[in-house]
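Student: Mind folding the following:
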Amino acid sequence: MPPTTLVRPARKQRTDRLGLDSWLWVVVVAITPIQQLIFALVSYQVRIAPVVLALVSLLLGRVSRPRMQGVLIAAAAMIVLGGLSSGQNSNLTESTTVAVTFALLVTVAPAAILFQTRRHPSFVRITVTLTLVVQTASAAAGIAQLGGIAIFGVIAREGRVNGLAYHPNVLGIMSTLAILVLLDLLRRKAARPFLLVCALGINVVALLATASLSSLITLLVGLLFFFVRLSTTAKMLSFLIAAVSLLVSLWVANGDLSVLLPEAFASRVQQVTGASAEGGVASLLVRFQTYEWAWNYITADPWVGVGMDALNQGTLTPSLVVHNYILRGWYQGGIFLLMGFILITISLLVVAMNGMRKTNLIAPSAVIGAVLAFGMTSAFYTQSHYWIPILVAAAVLNDASPVGQKTTAKERHVARMARRWANRPLSSL
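Tutor: Now for the predicted structure:
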């Protein structure tokens, strides 16, 4: 009589060997810092690559259920309704296409990315590493542009560098996110300090060279997440250092801190605050004028927007959009898109706060908070290169181990031994 074996149901095991779809996700995420450049040089289709890959993952069953999934599905329904209703005021087909594409991005992509983080332990490490390499290369290209060097035909704009991001503000936010991740890696000693410090320095210089005030404010928001984790003594020391540095800077600058800034950055500060006679489309005054434009329309019709597509997105000029994603959502998609954005924002903030409280990770929560803060003062809307970093950060927090929970090599060894014993024939026991 043949030996009897214990039969256990087949189950998917975590493996370090990445499949084809895993590598495609690695590429999609890694090119996020230069997506705008690829869009300009190659094809518009690069922007919908994450959505296409997410749908393929769904069809193949390579998805996992994230936290707050019900909220995201409700938000997706609101987004589609916003595109349909507001499309009556623009182009119904285009508005609906934008809505459906964005709805799929915020519902299916998180599930697909979460599957990769849970199935492949090395996925996050490989993805973060390659993304940092691409972003640091983009930042280095921006530094080269300071010397008048054109990279892929891209040069500095009025003293503000673009790197490989194709726009100073995009390079600014990507440099900010890289800084936050690098700081967390340094804190956890997750890689060689020399390489991390070099990459950190390049991204800091690039951020300053973009003269993006929105990105600088975003960095401060992200650093608050690190500050929360400091001990009481460290917090008091940080306050003291910041206060002394500010007083010394004011004394050296004779009360005018702008003289201590790089020339392009100082010029940008003057332009945004209105101190420069040149003005500029992104000045503080003009931004408030776009808010006023949107609010006037909203008060006249708070239910239906002007269309989620680009036809009526302009305010003072056809190319000048509302620089606040919540207000822009209400203006373009009406009350439905506003509700969708609010639901997504709440779910992301809940994930970020829980991540800070329950895990030893800071960067994912800081990334979520920083990008949402950036969206309050920029042209952030449905662009996938802004949303992918948030979705990856949320997936990392979904799969992260709580503080104090031992998911060590010992536990994995015990699990392997249990499987080995379970598969042994009874006659050998």
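
Student: Give me the neighbour count for S57.
Tutor: Residues lying near S57 (other CB atoms under 10 Å) number 22. From N, CA and C alone the C-beta is placed, and that goes for glycine too.

Student: these two touch, right, F226 and S365?
Tutor: No - contact between F226 and S365 fails when scored by CB atoms under 8 Å: they sit 9.8 Å apart.

Student: who's more crowded, the two?
Tutor: More neighbours surround S365 than the other of F226 and S365, with 30 against 17 (other CB under 10 Å).

Student: The more buried one against G355, yeah?
Tutor: Yes - with contact defined as CB under 8 Å, S365 reaches G355; the gap is 4.6 Å.

Student: for A294, what are its contacts?
Tutor: Applying CB atoms under 8 Å, 6 or more residues apart in numbering to A294 gives the contacts T315, V322, L327, R328, W330, Y331.

Student: where exactly do the helices run in the stretch 201-350 of the chain?
Tutor: 213-229, 232-252, 263-273, 284-300, 325-358 (DSSP state H, counting those that start in this stretch).

Student: Where does the prediction get shaky in the stretch 51-200 of the chain?
Tutor: Within the stretch 51-200 of the chain, no range satisfies pLDDT under 70.

Student: Make sure Q135 is actually in contact with P33.
Tutor: Yes - Q135 is within contact range of P33, at 4.1 Å (criterion: CB under 8 Å).

Student: Touching both of these two, which residues are there?
Tutor: Common neighbours of Q135 and P33 (CB under 8 Å, 6+ apart) are M174, A178.

Student: Now for S365 and G355: what residues contact both?
Tutor: L397.

Student: Leaving out chain neighbours, which residue sits closest to R287?
Tutor: Of all residues not flanking R287 in the chain, H323 sits nearest, at 4.8 Å (CB to CB, 6 or more residues apart in numbering).

Student: Give me the neighbour count for the one you found.
Tutor: Residues near H323, counting by other CB under 10 Å: 24.

Student: Quick one: residues contacting it.
Tutor: H323 touches A282, R287, T290, Y291, T377, S378, A379, counting by CB under 8 Å, 6+ apart.

Student: do G334 as well
Tutor: If a contact means CB under 8 Å, 6+ apart, then G334 has G82, S85, S86, D301, P302, W303, V304, G305 as its contacts.

Student: The fifth one contacts F336, correct?
Tutor: No - no contact is recorded between P302 and F336 when judged using CB under 8 Å, the distance being 11.2 Å.

Student: Which one of those two is surrounded by more residues?
Tutor: Of the pair P302 and F336, F336 is the one with more neighbours under other CB under 10 Å, namely 25 against 12.

Student: The more buried one contacts L81, correct?
Tutor: Yes - using CB under 8 Å, F336 is in contact with L81, at 4.1 Å.

Student: Going by neighbour count, which of the contacts of H323 comes out on top?
Tutor: In terms of neighbour count, S378 stands highest of those at 25 neighbours, by other CB under 10 Å.

Student: What distance do you get for that one to V205?
Tutor: S378 is 21 Å from V205, where distance means CB to CB, to the nearest Å.

Student: Kindly report the same for A141.
Tutor: Using CB to CB, A141 is found at 12 Å from V205.

Student: between the two, who's got more neighbours?
Tutor: Applying other CB under 10 Å to A141 and V205 shows that A141 carries more neighbours, namely 23 against 17.

Student: which residue sits closest to that one, ignoring its sequence neighbours?
Tutor: Distances taken as CB to CB, 6+ apart put I151 closest to A141, at 4.3 Å, once the chain neighbours are dropped.

Student: Show the contacting residues for the one you found.
Tutor: Residues in contact with I151 (CB under 8 Å, 6+ apart) are A141, A144, Q145, G163, L164.

Student: got the contact list for the residue nearest to S384 when sequence neighbours are not counted?
Tutor: Once flanking residues are discounted, S384 sits nearest to P50: 5.0 Å by CB to CB, 6+ apart. Contacts for P50 (CB under 8 Å, 6+ apart) come out as V28, L105, A109, S384, I388.

Student: And the strand or helix carrying P50, what's buried?
Tutor: For P50, the host element (DSSP states H and E) is helix 49-59. Neighbour-count burial for helix 49-59, with 16 or more other CB atoms under 10 Å as criterion, is recorded at A49, P50, V51, L53, A54, S57, L58.
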